[in-house]
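1. I would like to see how this sequence folds:
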Amino acid sequence: MGAPIVTPTITKYLLLNSVISASELFTVRDPDGDPITRYTFWDQSALAATGFFRVRGVPQPNGQKTFIPA
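-> Here you go, the predicted model:
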């Protein structure tokens with residue numbers, strides 16, 4: 001049972017108030033062929049000025065895990 005392999009995309013430099021899709025940040029595959037069922041994002045920053053994740057348009061709290069269905 002192998003762990004999923006996550007490959008980051010090219011480094012992204014974004015302008016203030018930019019919006020990108022999570023799919024632009026990485027690709028993922030499972031060596032066993034198991035389906036990916038969810039993603040977990042972790043925003044390490046406690047500073048609101050450093051950016052944030054939105055899920056269906058709703059900003060997620062900084063410093064917490066955000067779970068997103070695949």
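2. can we go C-alpha only for contacts and neighbour counts from here?
-> Fine.
3. Pull the contacting residues for the residue lying closest to Val55 once chain neighbours are set aside.
-> Leaving out its chain neighbours, the residue that sits closest to Val55 by C-alpha to C-alpha, 6 or more residues apart in numbering is Ile68, at 7.7 Å. Neighbouring residues of Ile68 by C-alpha atoms under 8 Å, 6 or more residues apart in numbering: Arg38, Tyr39, Thr40, Phe41, Val55.
4. the strands in the protein, which residues?
-> 5-8, 26-29, 38-42, 54-55, 58-59, 65-69 (DSSP state E).
5. Same list (these) but as TSV, adding mean pLDDT and distance to Asn17.
-> Output for the strands of the chain, formatted as TSV (pLDDT from 0 to 100; distance: least, C-alpha to C-alpha, whole Å):
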stretch	mean pLDDT	distance to Asn17
strand 5-8	91	22
strand 26-29	90	20
strand 38-42	85	19
strand 54-55	82	12
strand 58-59	86	13
strand 65-69	86	20
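6. Just put those in CSV and tack on distance to Leu14.
-> Formatted as CSV, the strands of the chain follow (distance: least, C-alpha to C-alpha, whole Å):
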stretch, distance to Leu14
strand 5-8, 16
strand 26-29, 16
strand 38-42, 18
strand 54-55, 16
strand 58-59, 18
strand 65-69, 21
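7. distance of Val28 from Pro4?
-> 7 Å (C-alpha to C-alpha, to the nearest Å).
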